[in-house]
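*Asks:* Sequence plus the predicted model coming up.
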Amino acid sequence: IITDGKRTLHSPGGNARMTMGGTGDLLAGVVAALLARGIDEMHASALGSFINKKAGDMAFSAHSYWFGIMDMVNTIPETMKWLYQYCYEERD
C-alpha cells in the first residue's frame, strides 16, 4: 500500500522470499534514485515498488527460492530494460 495521505495505491506482486533482509534497503535506494531524477514522491514510491517487486520476481525465476539480495540488485538493469520495452517498444 502506498499513500501520500490523499491518494492510495495498491502495489501487488513480489514473492515470499522478498521478506529477507535487505529488500527494504533496496527499495529505499530505488525510490531515492527516482526522487533524485525529479520524480514526485508518490510516483517514485509506486514505480520503486514495482521495480523492486519485478526485480524480486526476476531473481526468483533465475535462482528459485534461494536467491539473495545481490541477485535482486543484479537484476535491476534487466528490470529497467524490461520496463522500458514494455512501456515504449511493445506499444509501437
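*Replies:* It's in.

*Asks:* low pLDDT regions in the chain?
*Replies:* 90-92 (pLDDT under 70).

*Asks:* how about the strands in it?
*Replies:* Under the criterion DSSP state E, strands of the chain are mapped to 2-3, 8-9.

*Asks:* Could you list the residues in contact with the last one?
*Replies:* By CB atoms under 8 Å, 6 or more residues apart in numbering, the surrounding residues in contact with strand 8-9 are Ile1, Ile2, Thr3, Met42, Ala46. All C-beta spots, glycine's among them, are computed from the backbone N, C-alpha and C.

*Asks:* can you rerun that using 7 Å?
*Replies:* Ile1, Ile2, Ala46 (CB atoms under 7 Å, 6 or more residues apart in numbering).

*Asks:* quick one: that strand to chain centroid distance?
*Replies:* Centre-to-centre, strand 8-9 and its host chain are 16 Å apart (CA atoms, centre = their mean, to the nearest Å).

*Asks:* Spatially, what comes nearest to Leu34 if we skip its sequence neighbours?
*Replies:* Nearest residue to Leu34, sequence neighbours excluded (CB to CB, 6 or more residues apart in numbering): Ala44, at 3.8 Å.
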